[in-house]
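1. prediction below, plus the sequence it came from.
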Amino acid sequence: MKFLNRHFPLLSWIPMARKARLIPKGLRSKIALTRQTYVLAEQVRLPRLKDASNQPDICAVQFQMARPSNMRFLPIDNDIDNLPLGENEVLFVPFRLGANRYITNYSESYIVLDAGNFVDPRGEQNTQSFKTAPIWGRCTVYRSNHPDITPGSTYYSFWPLAAYSVRKVTNVDSQGFIGYQDLPNFTGPKEWLKIIKMDNDDASHVIENYEYMKIGITYARELRDFDYFGAERLVVSSASSASGQIIAMCLKELNPNFKVVGLTSARNLEFVKQFSYFDEVYTYDDIKASPNGNKSLYFDALGWDSVTKDVFDHFELSRWWIYGEGADKTFVKYLKRNRRGTFYTNLADSYIYQIRNGITDAEMLDQCRSMIEKYNLEELWYSDLRTISTSKEVFDLYHAFISNTHTGERVIYQSPLYKA
């Protein structure tokens, strides 16, 4: 496998993705079903919601398939004190969910990744056209019918974007630290099912990026395992993003002498320059001003064709990874120029590396908290934090994402049912 990973990365990635269930069984039929669902959703001329001021706040947030700009707020029972819970079921209320733009991207892979059976296991919410969205972050336990899950505790996982969710939990360890959502009909990525107990008094908002930080930690260790593929620098696009910055800081934590070059927009140039884990920072227009002697690695966290082209033209790449919006089309196009490239996803590479090397979530959380403190990330990343709870706020945020008018501020969703 190591030989394949070094010389034929795409061939080695496929079995990892299958093991992590990122590539499901019956892939072709699921892709065909996705296309059929898109066609049907587009044919049904559903009215577009233009304002959410009068929408219920105790709801599940949904996006229309093939048309994510059309949202719906499905009301759910708000009497959570009397909602019946079955054996080992737990009622989770969102405390801090990282409301980022990538939620809308799940529309394209919703059926392939079986997101419907994840967010709506009882089949009560999703329709043919509207689907509840998934989101990473922390929820608190409001009520519990599980002997090892206590009310008031906090868990990090992948959740439905809803005012609350009821989950059956299984395989909880003796400390109640790790458990799994019990969804036997779910065929998608295994990583989505894990719940990780967090400190209740952890005030950090950066920890909502834990899934991204796991990517950085495992990615840096794998680069070291392969002696950086003979390269002398790592080039990172979208250097202002959480994923881009985390990749850079994790690599520097492991090897301070390895050079990291950040690429960003002119607007974010000064912001990125303040971070010590980037040795050099250039705008997308100035890529060719960067020194390019010897081999380089490229982590494309952007996915833009024009930027990828300039990087490929300027640097000699011994290996490249792509992880960004629109990455699928860009990946296929540039794989023809350099076949030593793969998708990089926390659902395959990070998950498999963690399991294969016996890295615990407790160990990675300790490293995350250490980096948060070392680089003062709470102040630098979340000085403009905004917490939203109403349907109107969620609606306005995602329309800003879709129309590319979002200002870049960090946003956290907290359920209107949450009680400190």
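-> That came in fine, so what should we check first? Owing to the predicted nature of the structure, the values given are computational and were not obtained by experimental measurement. Residues are numbered from 1 along each chain as shown.
2. need the contact list for residue 290.
-> 235, 261, 280, 282, 314-315 (CB atoms under 8 Å, 6 or more residues apart in numbering). Where C-beta positions appear, they are placed from N, C-alpha and C, glycine not excepted.
3. I meant residue 197, not that one.
-> 153-156, 175-178.
4. now it: phi and psi?
-> Taking degrees, to the nearest 10, you get phi -70, psi 130 for the backbone angles of residue 197.
5. what's the helix or strand hosting residue 395 packed up against?
-> In this structure, residue 395 sits in helix 391-402 according to DSSP states H and E. When contacts are defined as 3 or more CB pairs under 8 Å, 6 or more residues apart in numbering; DSSP states H and E, helix 391-402 packs onto strand 59-64, strand 67-75.
6. could you dump it to CSV, C-alpha only?
-> Taking Å, rounded to 0.1, in the frame of the first residue of the first chain, the C-alpha atoms of helix 391-402 are listed here in CSV:
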residue,chain,number,x,y,z
SER,A,391,-34.6,31.0,10.9
LYS,A,392,-34.3,34.5,9.5
GLU,A,393,-30.6,34.6,10.6
VAL,A,394,-29.9,31.2,9.0
PHE,A,395,-31.7,32.2,5.8
ASP,A,396,-29.8,35.4,5.5
LEU,A,397,-26.4,33.8,6.2
TYR,A,398,-26.8,31.1,3.6
HIS,A,399,-28.1,33.4,0.9
ALA,A,400,-25.0,35.5,1.6
PHE,A,401,-22.8,32.4,1.1
ILE,A,402,-24.6,31.4,-2.1
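7. could you check the angle that helix makes with strand 67-75?
-> Counting by axes from the mean of the first three to the mean of the last three CA atoms, to 10 degrees, helix 391-402 lies at 170 degrees to strand 67-75.
8. summarise which helices and strands the helix or strand following helix 391-402 is packed against.
-> Using DSSP H and E, the next helix or strand after helix 391-402 towards the C-terminus is strand 411-413. In terms of contacts (3+ CB pairs under 8 Å, 6+ apart), strand 411-413 is packed against strand 89-98, strand 134-144, strand 386-388.
9. which segments of the chain make up each domain?
-> Each domain of the chain is listed here as a residue range: 25-205+385-413, 210-352, per automatic domain parsing.
10. before we move on, back to that, going through the contacts of residue 290, which ones are buried?
-> When neighbours are counted using 16 or more other CB atoms under 10 Å, those contain these buried positions: 235, 261, 282, 314-315.
11. returning to that earlier point: deepest in the core, which of the helices and strands packed on helix 391-402 is it.
-> With neighbours taken as mean count of other CB atoms under 10 Å, the helices and strands packed on helix 391-402 reach their highest mean count in strand 59-64, at a mean of 24.
12. how about the nearest residue to residue 334, chain neighbours excluded?
-> Excluding its sequence neighbours, the residue lying closest to residue 334 (CB to CB, 6 or more residues apart in numbering) is residue 308, at 5.6 Å.
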